[in-house]
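J.: the following comprises the amino acid sequence and a computationally predicted model.
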Amino acid sequence: MKEMQKEMNDMSPEDKKMMDSMGIKMPSIKDIPKATDKQLADAYENENRIVPKRDPNGQNSSCLLKGTNEHTPFYMKKIFLLSLLCAFVTVANAQKKLTPITQSALTGIGLPNGSKQDSRILSVAAAATLLEMESDKTGTKVQNTEVLILPPASLNRFNKDSLVKRLVIRNWKIIATESANYLWAQKDKRFVIVYFLMNPKESSLYFAEASSTPNFNTQVENTTGKPPAATPVIQQPIQPVQNTNKAIESIDGKQQSNTNTPITTSGSLINYVWKSHQNRKDAMGNYAGYSTNSYQFYSNGTYKFSTTTFQNYAPKYYMVYEDGTYQIDGSKITLKPVTSKFEVRQKEKTDPVLKSGNLVLESVQYSFEYTTIYDRQRLILAPTTSSETKRDGEFNFYSGGAMTKSYLYDAEEKPVTQINNNQNTQLPTLSSGSYSFSTTNFDDGWVSTVQEDWIQVTKGNIKVLIHYPNKNADAYNSVLMDGLKNAWNILVAPKYSSASNFEFKPISSWQSIEFAEGDAVEKTTGTSVHIVLFKMNYSNGSGKYLEFITPDKKTFEQEFGPYHETSYGWEKVEGMANYNKFAVAATDLTGKWTNNFSGTQQYANAYTGASAGMDTHSSNQNFEFGPQNTYKWDLSVASGFVGNIKFQNVKSSGQFSMPNNWQINFSDLEGKPKTYNAFFSCIKGFRILMLEDAGYPTGYTGYGKVE
């Protein structure tokens with residue numbers, strides 16, 4: 001204790017400021033209960049014990065410290081953190097490992113110019129302990145901690161609002177906490193805890209990945225004197241593949257497995273975008289850049305591959321784009337590229353191309369397997385030649401502590417179903433307005449057709465109706481069963497007679513599921529059918545009622561799987577909502593389209609229902625398409641916490657063209673040409689133009705036509 005007090009007294013103002021930036025106030029030794037070093041170590045060790053270890057005198061060792069109002073393990077963690085930081089002060093000068101960085105390896109977000117990563121062992125350990133003090137409230141530990149030092153907001157205007165925006169752009173869902181300096185980010189089955197604090201000279205940004213799914217509904221003993229946390233929006237993890245391999249993230253970002261358990265072959269290549277990220281180091285072991293590889297496989301036997309490599313010196317970006325075909329033979333997959341091109345850019349990925357050209361085509365056969373590591377699905381590709389490929393780069397997968405001759409790719413966002421652009425039948429539409437396409441033939445055999453009250457999707461003897469939003473059927477009902485029966489009576493019952501074998505089986509969850517099924521006779525055809533009504537109530541309100549019509553129950557279960565009482569594993573059923581998708585012709589665009597989006601996320605106290613703060617984001621983005629393929633574009637944004645809202649406005653104009661019915665090229669958006677992926681989605685009486693920046697495919701935005 002005396003040594004600890006001496007270290008604190010000897011701290012420089014800069015060191016004390018660093019501790020303050022991490023949320024740790026300088027305590028007094030007088031406030032710490034008397035205890036020996038051994039007692040402190042034993043107390044910290046017992047934090048993870050379910051039953052405290054007994055000492056020879058029969059006393060619980062966790063009860064050695066008296067006279068504190070705080071829960072002992074939580075308090076001991078504060079002491080541990082303090083000790084760690086004091087040790088940090090004495091050895092910091094011996095560990096100069098602050099390296100420039102432009103992108104967070106853990107979250108993928110871009111960072112302001114001048115950002116640095118602090119990879120010093122004690123810095124990372126201290127940050128991990130700080131983050132774990134917050135993650136303990138949700139019953140989880142942290143791993144893969146990333147410590148980032150950012151320039152002050154006065155130089156780059158990077159604040160918490162900027163951080164949230166960049167996370168959202170990368171498809172992370174934001175989960176509020178009771179502390180203004182913390183938040184949770186969630187993507188698919190991954191949860192990352194975030195700590196952010198702005199100071200006049202620099203900002204501190206820490207990320208760490210949760211080692212297990214956080215339980216945000218767990219009521220932890222409150223020792224802070226603050227109100228309970230606000231109710232967050234979280235996602236239930238998808239049931240993992242039957243494999244329990246775990247991985248340990250090595251210092252250089254490569255994955256390694258701590259077990260030699262055989263990896264099962266299951267899953268589907270076409271269900272995900274597969275990505276791999278590796279940091280680069282120079283001969284001295286310092287950070288030198290990174291590379292990111294991405295595969296996307298399609299159901300028609302084609303694939304796309306891309307690489308982005310960043311280095312610290314200019315030209316900084318080297319990018320590769322490859323298209324080709326693949327063939328699977330058992331556990332082997334052969335990739336045959338058709339085109340492979342490279343581009344070199346000076347300082348930013350959006351800068352003009354300095355140099356480009358074609359690359360030598362490299363056909364490679366791999367063995368491939370799937371596994372689940374940290375509850376996340378991964379793809380392992382092992383070249384049958386046991387040699388590294390030009391396409392994938394250096395091997396990056398460890399197993400049993402040793403490097404394997406294989407590559408590890410992570411399952412990322414699920415791509416939209418690829419559409420055959422040459423199989424669109426032109427038919428008169430039933431909705432108001434005049435559009436060129438009302439039928440879409442998808443590569444996987446499904447055919448979508450616009451109808452007056454729904455989109456009809458058919459394949460063989462199966463028919464699925466994607467119901468348009470219906471105010472009465474979609475009305476909120478606090479009783480899940482009552483809401484399901486109401487929707488059935490409005491959307492389903494009027495079309496059938498002679499009903500029998502009905503079951504209403506909703507599933508309560510944070511994203512509840514409405515499920516009902518039965519047998520009936522179609523009034524229009526007199527045919528006996530089996531009916532299923534399904535809706536996933538997404539947290540953002542985007543769920544749609546889907547009506548499945550099959551000859552019998554067996555046919556439905558063979559195609560979509562049987563009913564089960566869990567809230568996950570419904571991907572094939574809920575995925576049918578993605579078939580509300582129709583091609584776009586240039587003549588369809590004439591006029592003004594606006595997203596006119598406004599959304600407010602209101603947080604309420606989990607225990608009292610009282611308001612716990614509001615964060616607002618509103619934007620108005622407009623595309624106006626005129627004669628001779630001209631357009632005008634403008635964007636106005638207002639965002640931030642209420643009382644501190646900021647406004648921005650940008651605009652462009654130029655010429656547009658359409659290389660196909662699913663993409664639009666703009667000559668100038670924000671000072672550079674851009675290509676957008678595009679399709680129409682239908683609601684009753686209208687069409688929504690869905691656009692996504694093809695260069696940064698982070699999700700579609702909908703635009704409605706202004707009359």
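T.: All right, it came through fine. Bear in mind the structure is a predicted one, so any value in this text is a computation, not a measurement.

J.: may I have stretch 312-323 as PDB, with CA atoms only?
T.: What follows is stretch 312-323, C-alpha atoms only, in PDB (Å, rounded to 0.1, in the frame of the first residue of the first chain):
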ATOM      1  CA  ASN A 312       1.800   3.900 -44.200                       C
ATOM      2  CA  TYR A 313       3.600   5.600 -47.100                       C
ATOM      3  CA  ALA A 314       2.100   6.800 -50.400                       C
ATOM      4  CA  PRO A 315       0.700   5.500 -52.600                       C
ATOM      5  CA  LYS A 316      -1.200   4.000 -49.700                       C
ATOM      6  CA  TYR A 317      -4.000   1.900 -51.200                       C
ATOM      7  CA  TYR A 318      -3.600  -1.200 -53.500                       C
ATOM      8  CA  MET A 319      -7.000  -2.800 -54.400                       C
ATOM      9  CA  VAL A 320      -7.800  -5.900 -56.300                       C
ATOM     10  CA  TYR A 321     -11.200  -6.900 -57.900                       C
ATOM     11  CA  GLU A 322     -11.700 -10.400 -59.200                       C
ATOM     12  CA  ASP A 323     -14.700 -12.200 -60.800                       C
END
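
J.: so after whatever helix or strand residue 518 lives in, what's the next helix or strand?
T.: Using DSSP states H and E, residue 518 maps to strand 513-522. Counting by DSSP H and E, the next helix or strand C-terminal to strand 513-522 is strand 528-536.

J.: put the alpha carbons of that next one into PDB.
T.: C-alpha atoms of strand 528-536 as PDB (Å, rounded to 0.1, in the frame of the first residue of the first chain):
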ATOM      1  CA  SER A 528     -57.300 -27.700 -50.000                       C
ATOM      2  CA  VAL A 529     -54.100 -26.100 -48.800                       C
ATOM      3  CA  HIS A 530     -51.900 -25.700 -45.700                       C
ATOM      4  CA  ILE A 531     -51.400 -22.200 -44.500                       C
ATOM      5  CA  VAL A 532     -48.700 -20.600 -42.300                       C
ATOM      6  CA  LEU A 533     -48.800 -17.000 -41.200                       C
ATOM      7  CA  PHE A 534     -45.400 -15.700 -40.000                       C
ATOM      8  CA  LYS A 535     -43.900 -12.400 -38.900                       C
ATOM      9  CA  MET A 536     -40.600 -11.600 -37.200                       C
END
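
J.: which SS class is residue 132?
T.: Per DSSP: H, G, I helix; E, B strand; the rest coil, the secondary structure class of residue 132 is helix.

J.: pLDDT-wise, which helix or strand of this structure ranks last?
T.: Lowest mean confidence among the helices and strands of the chain (mean pLDDT, DSSP states H and E): strand 247-249, at a mean of 29.

J.: could you chop this protein up by domain?
T.: 2-210, 247-411, 439-575, 586-706 (automatic domain parsing).

J.: pLDDT of the longest one, averaged?
T.: Which is domain 2-210. For domain 2-210, mean pLDDT is 71.

J.: now the strands for the stretch 501-650 of the chain?
T.: 513-522, 528-536, 546-550, 591-594, 597-604, 611-625, 630-641, 646-660 (DSSP state E, counting those that start in this stretch).

J.: of those strands, which shows the lowest average pLDDT?
T.: Averaging pLDDT over each of those puts strand 597-604 lowest, since it has a mean of 33.

J.: and residue 621, bridged to which residues?
T.: residue 635 (DSSP bridges).

J.: could you give the number of residues near it?
T.: 18 (other Cβ atoms under 10 Å). For glycine as for every other residue, the C-beta is placed from the backbone atoms N, C-alpha and C.

J.: the one 5 residues further on now?
T.: A count of nearby residues for residue 626, using other Cβ under 10 Å, gives 14.

J.: residue 507 too?
T.: For residue 507, using other Cβ under 10 Å, the count is 19.

J.: doesn't residue 535 make contact with it?
T.: No: applying Cβ atoms under 8 Å, one finds residue 507 not in contact with residue 535, separated by 10.9 Å.

J.: which residues are common contacts for the two?
T.: Common contacts of residue 507 and residue 535, defined by Cβ atoms under 8 Å, 6 or more residues apart in numbering, comprise residue 513.

J.: just the helices in this protein please.
T.: 2-9, 13-21, 37-45, 72-91, 121-135, 153-156, 160-169, 480-487, 553-560, 571-574 (DSSP state H).

J.: and the angle from the strand holding residue 518 to strand 546-550?
T.: Put simply, strand 513-522 runs at 40 degrees to strand 546-550, going by axes from the mean of the first three to the mean of the last three Cα atoms, to 10 degrees.

J.: using CSV, list the CA coordinates for strand 513-522.
T.: The C-alpha trace of strand 513-522 is given here as CSV (Å, rounded to 0.1, in the frame of the first residue of the first chain):
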residue,chain,number,x,y,z
ILE,A,513,-42.2,-14.2,-33.6
GLU,A,514,-45.8,-14.6,-34.7
PHE,A,515,-46.6,-18.1,-36.1
ALA,A,516,-49.9,-19.6,-36.9
GLU,A,517,-50.8,-22.6,-39.2
GLY,A,518,-53.8,-24.6,-40.2
ASP,A,519,-55.6,-26.3,-43.1
ALA,A,520,-58.3,-24.7,-45.2
VAL,A,521,-59.9,-24.5,-48.7
GLU,A,522,-59.1,-21.6,-51.0
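
J.: that strand - contacts with which helices or strands?
T.: Judged by 3 or more Cβ pairs under 8 Å, 6 or more residues apart in numbering; DSSP states H and E, the packing partners of strand 513-522 are helix 480-487, strand 496-504, strand 528-536, helix 553-560.

J.: repeat that for 7 Å
T.: helix 480-487, strand 496-504, strand 528-536 (3 or more Cβ pairs under 7 Å, 6 or more residues apart in numbering; DSSP states H and E).

J.: buried set for that strand?
T.: Judged by neighbour count using 16 or more other Cβ atoms under 10 Å, the buried positions of strand 513-522 are 513, 514, 515, 516, 517, 518, 519, 520.

J.: wait, the first one sits on residue 567?
T.: Yep, that's residue 513 we're talking about. Yes: counting by Cβ atoms under 7 Å, residue 513 does reach residue 567; the two are 5.9 Å apart.

J.: anything in contact with each of the two?
T.: residue 507 (Cβ atoms under 7 Å, 6 or more residues apart in numbering).

J.: any idea how far the nearest residue to residue 591 once chain neighbours are set aside lies from residue 624?
T.: In space, and not counting its chain neighbours, residue 591 is closest to residue 705: 5.4 Å by Cβ to Cβ, 6 or more residues apart in numbering. Between residue 705 and residue 624 the distance is 11 Å, computed by Cβ to Cβ, to the nearest Å.
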